[in-house]
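Peer 1: predicted model follows, preceded by the sequence.
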Amino acid sequence: MELSLQSYFDIGETYGLGDKAFEVAEGVTVPDILGIGISNPLGRGIVCRVDQTNPEVVDLWRHQAVAKVDAPEMELGYDGPIPTDPGTRAHFEEFKNRLRRLIASHPISRCEMTIYGLGVVFVRLDFSIGIPLSLAVGLIRCFEYAGYYIEVSENLLNLARRTAEKPRRRSSKRRWPPERGLALQRLSKRPDPEVQTDAKGYKESRLFSAFTRIAMCVDEGDDIDAIKRRLLPNGNSIPLKFEFHGTIHFDWGDCVIEPRSYDDLEEPPRTQIRRMLMCILIAHTFQGAREAFQNLFLHATFDQAEGFIRGQPSGLSHIELSRLRTLALAVTSMTRFETVTQTAEDQAYFEAYDKQARLDRLQENILRGSEVIFNVEKAEADREQERRVDNLNTSVIFLTGIAVLSALWDIYEFIRGGGEQLEESILRMGTLMAVLLLLLLLLIGINRKVRVRRQTRYRRA
């Protein structure tokens, strides 16, 4: 049995809608097409082997996992006698000592992050074979809760951002100015993960929503029933059979993967389970992408609506809001499970996952947020159009008044040149000019009053 922790997090910005955001070469090979048969619609992403490039991050993660053994709230999977007296307490302490030694020394075969253009990162932490079943729950739960530790989360987030920026900096120097590539990042910027503090002063990062704990039964000697009883104690798991690959015993937060056969020399167990692992990866990245954009639209809606209500300009123009709405529609289209494959066994897993993750609700929240932004965008555009019309009307009235006054002045000059006998006509002409001037001022005043009423109506809307 091999254990694995898998999860996702939001890097905080979007670089593009696919691998072109990272300038992935056309000739780069992809995972075994015949062996896996499906691919992630979000692209291949770029992979960072944390255990190879930044082993100090893995060491920090392991160190925090060891410290979690003594946390009173941890569920360590201990099934011995309840520690109520010195004898049973000694038994429990021996169990924890064994668990500490295992966490501190057991080999980690892989710590990997895959960064996708949408800004979601898939994290996979694999442990080598040889973990005693009695300590399996304690080991994987200690590593899980250590992942929420602020320093571990921040190190993973910063490393993912640096990894994503490297190919973008190279491509920006070759093809276009950096400012052009930063437009989408600025438009899709999400808040940094929240740090929560409880009444005892303990702090955790909300970078990770949760982890999925996976047991891969790739050893012929694995007792699958015993593993299920240990890792899926509630007995609520759903067996999802993949005809040519094996079975996923699915429960929310836990999965036990059983290969189709241990006797196939051409396709060993680790090869057989790859398609099932790809389904798990796709489900996690889809959920991560939708949660990221739900968070984006939640904050964008607050900012835009508050700025509009106050009558103050918001951070994004109505053109940028329209682009953001288009981006949201593209994300919801890309993260539909039916776009992955029509195979019944894959869709059965996606349906079971979606029942717990409620991706449809995330989609509704994104679309609802985009609708609010669309209404604000339309109102902003209408207000801008009316402001232009008002300015145009004022200019036309002003220019018309000047033309009338100029014509009247020419008439006055002509009449004055006719002599004193025309004094009565001059008086009449002066009266006419005064009336026209008063009319012009009245029109300007009415136009301004209409503009004030419109602005007041927008503020109250």
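Peer 2: All right, it came through fine.

Peer 1: tell me where the stretch 51-200 of the chain has strands.
Peer 2: Ranges of strands in the stretch 51-200 of the chain, per DSSP state E, counting those that start in this stretch, are 108-115, 120-127, 195-197.

Peer 1: lowest average pLDDT across these?
Peer 2: Lowest mean pLDDT within these: strand 195-197, a mean of 86.

Peer 1: in whichever helix or strand comes after that one, what's buried?
Peer 2: Using DSSP states H and E, the next helix or strand after strand 195-197 towards the C-terminus is strand 203-205. For strand 203-205, the neighbour count (16 or more other CB atoms under 10 Å) marks E204, S205 as buried. Using the backbone N, CA and C atoms, a C-beta is placed for each residue, glycine as well.

Peer 1: give me the contacts around strand 203-205.
Peer 2: Strand 203-205 is contacted from outside by Y148, Y149, I150, S153, E154, P193, E194, V195, Q196, T197, using CB atoms under 8 Å, 6 or more residues apart in numbering.

Peer 1: got JSON lines for the strands of the stretch 51-200 of the chain, with mean neighbour count and distance to L5 too?
Peer 2: Shown next, in JSON lines, are those (neighbours: other CB atoms under 10 Å; distance: least, CB to CB, whole Å):
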{"stretch": "strand 108-115", "mean neighbour count": "19", "distance to L5": "9"}
{"stretch": "strand 120-127", "mean neighbour count": "23", "distance to L5": "4"}
{"stretch": "strand 195-197", "mean neighbour count": "11", "distance to L5": "21"}
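
Peer 1: so which of those strands gets nearest T326?
Peer 2: strand 120-127 (18.8 Å; CB to CB).

Peer 1: now the closest one - C-alpha only, PDB.
Peer 2: The C-alpha coordinates for strand 120-127 follow below in PDB (Å, rounded to 0.1, in the frame of the first residue of the first chain):
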ATOM      1  CA  VAL A 120      -5.000  26.600  -9.900                       C
ATOM      2  CA  VAL A 121      -2.300  24.400  -8.400                       C
ATOM      3  CA  PHE A 122      -2.600  20.600  -7.900                       C
ATOM      4  CA  VAL A 123      -0.500  19.200  -5.000                       C
ATOM      5  CA  ARG A 124       0.400  15.600  -4.600                       C
ATOM      6  CA  LEU A 125       2.400  14.200  -1.700                       C
ATOM      7  CA  ASP A 126       3.200  10.400  -2.000                       C
ATOM      8  CA  PHE A 127       4.700   8.100   0.600                       C
END
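
Peer 1: paired strands for it, with orientation please.
Peer 2: Based on DSSP bridges, the pairing partners of strand 120-127 within the sheet are strand 2-10 (antiparallel), strand 108-115 (antiparallel).

Peer 1: could I get the pLDDT score of P86?
Peer 2: In this model, P86 carries a pLDDT of 76.

Peer 1: I108 versus that one, what's the distance?
Peer 2: 36 Å (CB to CB, to the nearest Å).

Peer 1: please apply the same query to E165.
Peer 2: 26 Å.

Peer 1: next: K200.
Peer 2: From K200 to I108 the distance is 30 Å (CB to CB).

Peer 1: repeat that for H63.
Peer 2: H63 is 13 Å from I108, by CB to CB.
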